[in-house]
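In: What follows is a predicted structure for the sequence shown.
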Amino acid sequence: MRFEPQIAFHASRPLIAEAISNKLHRVRQNSGVQTPQNLHAWDPDSPEMKAAVFTLLPSHERQAITSELYRTFWSLSLHDIYVPENVYKAHIAFLQSRDGVILREGGECDKRKKESARMLLVVDTLTDELDMQRNHCKGILGDMNKKRNSLLDAIVEDQRRSISEAILKLCIMPRMTITPEDSLFCANFFHKMHMLEPPNFSSLQFYDRVVKDIFPLVYCATDHEARCLGIFLRALFEPLKRWRLDKSQYEKEAASKLGFSVAIGSPARCSYDQYCTVFSKWHDKITKIIIHCLDKYGNHGRACLLVLIKLVGVYPARKRTSITLMEKLDPLKQQEKYKDVQAMAYRYYTLLDKHNFSLEEDFSRSVQTSSCKRQMTATKSR
């Protein structure tokens, strides 16, 4: 019996994670103890794993993606590269405030003390867990940084434009719809790739291929796949919108990175004006697909709405696009044949209407407003 690579990795990832954690612990402790024999083969850097993964890559695909990148991507999980600090801090703050309320309440003193002690124990546990998670992610990202030059450096020049397509085919598409956690992992992994700046990785080309090749999956997605697709696209598009609306953020987080070169290997970076033009094209491409789906709501409406609901606050970025979508929702709200689509159309319409106040009439106005705000802030500081 032969499993698909994504199924094999999904089933074996707990052992891979244990091997990675064991290795990171030995590095932090500066221990000379060898990896336990039962975990050695599951270490992503072990000869056994390297040989096994190399055989998984089709020979014609090895020219556009390396075994190193493929192995790294499939060996890691969301908790390896992402720390939900806001969730931890919010829960800790809630427990601390609840503890204060308990101490001020009347009633039995012993009972209140026990409840307070329990709250503080949970707070300490969460604080320790957050520190452990930070250290774990720091170790994983440090290891990735050491490997950055080997992730894609072996790709020959005439195959470099095919890197993003190979990544989508062999990494993103097989994993993105397995679970919501995998969807978030895919988006976060390639955001980390953008920040690490491995040679030959073009963030611009990657985002462009996602818009052109991944978003159209809405035409054939199941409910589960549509939800996962929405989660992936939202996590991926959030920084794109932020960079579009704030030039200083773009220059700091995007233009300064190797992935925003105008061409792979070129020292010239994509300017803010060039990025604005590209972003508008991406936005229009997505809008065209969505309008077609909503027009054919009997076939594609449900999956499209499931994706759109996940994207509220990220897409649409223009008020006039939002108004156009709201007009397209009217037939879906009025029809009676597809009750589920009707209910989702009402929900999405309400969400759009709620967020319309935060959208600008067009991108140029939003950029001018952002610029004016920065100038006013600078004037006040002087």
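Out: On my side now, so go ahead. Computed from a prediction, not measured in an experiment: that's the story for all the values here.
In: Kindly state the pLDDT recorded for Lys373?
Out: In this prediction, Lys373 carries a pLDDT score of 45.
In: begin at 465 from here
Out: In the new count, where the first residue is 465, that last one comes out as Lys837.
In: hey, which helix or strand in the chain has the poorest pLDDT?
Out: helix 827-845 (a mean of 46; mean pLDDT, DSSP states H and E).
In: mind listing what Arg691 touches?
Out: Pro644, Leu770, Val771, Lys774 (C-beta atoms under 8 Å, 6 or more residues apart in numbering). For the C-beta atoms, the positions are set from N, CA and C on the backbone; glycine is no exception.
In: What is the most widely separated pair among those residues?
Out: Greatest spatial distance in those: Pro644 and Val771, 13.2 Å, computed using C-beta to C-beta.
In: The two: who's more crowded?
Out: Set side by side, Pro644 and Val771 show more neighbours around Val771, with 28 against 16, by other C-beta atoms under 10 Å.
In: Count the residues that sit near Ile695.
Out: 23.
In: which residues does it contact?
Out: So Ile695 contacts Pro644, Ser647, Leu648, Ala651, Lys774 (C-beta under 8 Å, 6+ apart).
In: The longest helix that the chain contains packs against which elements?
Out: Ranked by number of residues, the top helix in the chain under DSSP state H is helix 573-615. Contact partners of helix 573-615 among helices and strands, from 3 or more C-beta pairs under 8 Å, 6 or more residues apart in numbering; DSSP states H and E: helix 469-493, helix 531-539, helix 542-545, helix 549-568, helix 644-660.
In: For the fourth one, which helices and strands make contact with it?
Out: When contacts are defined as 3+ C-beta pairs under 8 Å, 6+ apart, helix 549-568 packs onto helix 573-615.
In: same question for the following helix or strand past the helix it packs on, mean pLDDT?
Out: Next along the chain after helix 573-615, taking DSSP states H and E as the criterion, comes helix 627-631. Averaged across helix 627-631, pLDDT comes to 93.
In: residues in contact with helix 627-631?
Out: By C-beta under 8 Å, 6+ apart, the residues outside helix 627-631 that reach it are 525, 528-529, 533, 616, 619, 654, 664-666, 669-670, 672-673, 677.
In: in that helix, what counts as buried?
Out: Within helix 627-631, the residues scored as buried using 16 or more other C-beta atoms under 10 Å are Ile627, Ser628, Glu629, Ala630, Ile631.
In: possible to save these as a markdown table with distance to Gln713?
Out: Conversion of the buried residues of helix 627-631 to a markdown table gives the following (distance: C-beta to C-beta, whole Å):
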| residue | distance to Gln713 |
| --- | --- |
| Ile627 | 26 |
| Ser628 | 23 |
| Glu629 | 28 |
| Ala630 | 30 |
| Ile631 | 25 |
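In: With respect to Val551, which of those residues is nearest?
Out: Closest to Val551, out of all of the buried residues of helix 627-631 and judged by C-beta to C-beta, is Ile631, at 28.7 Å.
In: Look up how far Phe653 lies from the closest one.
Out: Taking C-beta to C-beta, to the nearest Å as the measure, Ile631 falls 10 Å from Phe653.
In: can you check Glu525 too?
Out: Using C-beta to C-beta, Glu525 is found at 19 Å from Phe653.
In: Next: Met808.
Out: To Phe653, Met808 is 30 Å away according to C-beta to C-beta.
In: Same check on His489?
Out: Distance, His489 to Phe653, using C-beta to C-beta: 23 Å.
In: And the two? Which one has more around it.
Out: Counted by other C-beta under 10 Å, His489 and Phe653 do not tie: Phe653 has more neighbours, with 22 against 13.
In: Redo the contacts of Ile695 as CSV? Include distance to Leu681 and pLDDT.
Out: Converted to CSV, these look like this (distance: C-beta to C-beta, whole Å; pLDDT from 0 to 100):
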residue, distance to Leu681, pLDDT
Pro644, 16, 95
Ser647, 12, 96
Leu648, 17, 96
Ala651, 15, 96
Lys774, 14, 95
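In: Serialize the residues you listed to CSV and add fields for distance to Trp746.
Out: Shown next, in CSV, are the contacts of Ile695 (distance: C-beta to C-beta, whole Å):
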residue, distance to Trp746
Pro644, 24
Ser647, 19
Leu648, 21
Ala651, 15
Lys774, 17
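In: out of those residues, who's nearest Glu689?
Out: Using C-beta to C-beta, those come closest to Glu689 at Ser647, 9.7 Å.
In: Just confirm the closest one contacts Ile636, I think it does.
Out: No - counting by C-beta atoms under 8 Å, Ser647 sits too far from Ile636 to count as a contact (9.7 Å).
In: which neighbours do the two share?
Out: Residues touching both Ser647 and Ile636 by C-beta under 8 Å, 6+ apart: Phe696.
In: mind listing what's buried in stretch 802-816?
Out: Neighbour count says stretch 802-816 has Val805, Gln806, Met808, Ala809, Tyr812, Tyr813, Leu816 buried, by 16+ other C-beta under 10 Å.
In: quick check: mean pLDDT across stretch 541-559?
Out: Stretch 541-559 comes out with an average pLDDT of 92.
In: What lies in contact with that stretch?
Out: Stretch 541-559 is contacted from outside by 477, 481, 484, 583, 586-587, 590-591, 593-594, 597-598, 600-601, 604-605, 645-646, 648-649, 652-653, 656, using C-beta under 8 Å, 6+ apart.
In: Only the buried subset of these, as a ChimeraX command please.
Out: Here is the ChimeraX selection string for the buried members of the contacts of stretch 541-559, based on 16+ other C-beta under 10 Å:
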select :477,481,484,583,587,590,594,597,600,601,604,646,648,649,652,653,656
